[in-house]
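In: Give me coordinates for this.
(one chain, ligands or ions: 1)
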Amino acid sequence: VTRPDLSTRLSRRAQTMNASAIREILKVTQQPDVISFAGGLPAPELFPIEEVRRAADTVLTRHGAAALQYSTTEGYLPLREWIAARHGIPARNVQIVTGSQQGLDLLGKVLIDEGDTVLVEAPTYLGALQSFQPYLPRYAQIPTDEGGIDVQALEAVLREQAAQGRPAKLLYAIPNFQNPTGRTLSLERRQALVELTARHGVLVIEDDPYGELRFSGEPVPSLYELGLALAGGDPDHNHVIYSSSFSKTLVPGLRDAWVQAASPVIAKLIQAKQGSDLHTPTLNQMLVTELLPVLPRQIETVKRAYGARAQRMMAQIETHFPAGVDFTRPQGGMFLWVTLPVGLNTTALLPHAVAHKVAYVPGSPFFALGGGENTLRLSYSSATDTQIDVGMAALGAVLKEALA
Ligand SMILES: Cc1ncc(COP(=O)(O)O)c(CN[C@@H](CCCC(=O)O)C(=O)O)c1O
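Out: Got it, this is the predicted structure:
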């Protein structure tokens, strides 16, 4: 009998990895009587289950064998063509991925060399940090304010990086209804950011899973559209890479998403994906394509529900939270961001909140270089009115106690 300690055999890369705070908390908050505002879970009661069942029947009846067979790495052409047409680009610039989470992993694999400087917002989506980490980037944080990325601060960071002979490789941004803050970048800041990054030769990854979920205010052109205009309409010279998903507009469990990029990037994404999962499940891609006619109505239903839940949560926070606590007022998406008085630690506070049957995601895992100990993220998307009322009252009580 030999008893090797396998934990000593892991790669250096594996040893840089850590767990997703969101996934870990989802495990904790699965306790039935805990009201969880942690996971960015789309509202399950709004899933078009009947439509999915009918679509599955149609797909399997009409092209059952093809739906269950291996398929191309690029993705199901009718789906790619539908996406391409909506963005005014050729289908060859669209790659289907297995959730935009896989898109982030593959983009990290094909764009980041060890030590490359990757610019991220402070705070940013912790799942992106998790995807990029194994490629061993050197993070630089871009300060944000109520309006999202502070583009003046970005310019200073870019200048500093260039002066140190370490120009940034890429910038990862979530301009619509940002995860975790819920903030949206103004058109003026988007234009400045796109021009600035083009000038400095910095690639931009625009992660936009929430763009369709606007429930107030006016739509703003994407960084991708602005980048395309800067490239004279040529998608093969757009320095902005766009990623979005059917997870928040349709359903997350089918794991269908896509990346829009210049052909040399797409070519490498395909090769990386060949080595990862060969292709996104064929049946799921055909299902999503069959469901495209119900998408507009589904988006309207989801937007209305999330807008009402966001308003209710903000009203309850106004009512129950102690003075000195600040929070963002999103115009769309699934999250809002709470900032407590400096000195409070939301990671330390979480077990106490769970004891009071309410859960959130502490803010610090959303900061690539640390900080944010006094912040937390709340997701309103899958909470009923009662859960919002009861949960915000409970969390308000926990915060008042902590501040006393
Ligand atoms: C900015 C951003 N980019 C990509 C994703 C991943 O979405 P996909 O379902 O992989 O398309 C997400 C989804 N994040 C959710 C869902 C995480 C789901 C989970 O870990 O259970 C969250 O932050 O809670 C996102 O917010």
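
In: Helices along the stretch 101-250 of the chain, start to end?
Out: In the stretch 101-250 of the chain, the helices defined using DSSP state H, counting those that start in this stretch lie at 126-132, 151-163, 187-199, 223-230.

In: of all these, which lies closest to Ser379?
Out: helix 126-132 (13.2 Å; CB to CB). Every residue, glycine included, has its C-beta placed from N, CA and C.

In: quick revisit: now mean neighbour count too, for the helices of the stretch 101-250 of the chain, in TSV please.
Out: Shown next, in TSV, are those (neighbours: other CB atoms under 10 Å):
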stretch	mean neighbour count
helix 126-132	23
helix 151-163	16
helix 187-199	18
helix 223-230	22
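
In: and of the ones you listed, who's closest to Leu254?
Out: Proximity to Leu254 (CB to CB) singles out helix 126-132 among those, at 17.9 Å.

In: buried ones in the helix or strand of the chain with the lowest mean pLDDT?
Out: None of the helices or strands of the chain scores lower by mean pLDDT, DSSP states H and E than helix 21-28, at a mean of 81. Going by neighbour count (16 or more other CB atoms under 10 Å), the buried part of helix 21-28 is 21-22, 25-26.

In: and of these, the nearest to the ligand?
Out: Using CB to the nearest ligand atom, Ile22 is the member of the buried residues of helix 21-28 that lies nearest the ligand, at 4.3 Å.

In: Roughly how far does that closest one sit from Ala359?
Out: Per CB to CB, to the nearest Å, Ile22 is found 11 Å from Ala359.

In: do the same with Pro264
Out: Separation of Pro264 from Ala359 (CB to CB) stands at 43 Å.

In: Can you tell me which residues in the stretch 51-200 of the chain are near the ligand?
Out: 99-101, 125, 127, 174, 179 (CB under 6 Å from any ligand atom).

In: longest helix in this protein, by residue count?
Out: Assignment by DSSP state H gives helix 295-320 as the longest helix of the chain.

In: Just checking the distance from the next helix-or-strand element following it to the centre of its chain.
Out: Counting by DSSP states H and E, the element after helix 295-320 in chain order, helix or strand, is strand 326-327. Put simply, strand 326-327 sits 21 Å off its chain's centre (CA atoms, centre = their mean, to the nearest Å).

In: could you point out which element follows strand 326-327?
Out: Using DSSP H and E, the next helix or strand after strand 326-327 towards the C-terminus is strand 335-339.

In: strand partners of that following strand, parallel vs antiparallel please.
Out: Paired strands of strand 335-339, with direction, are strand 326-327 (antiparallel), strand 375-379 (antiparallel) (DSSP bridges).
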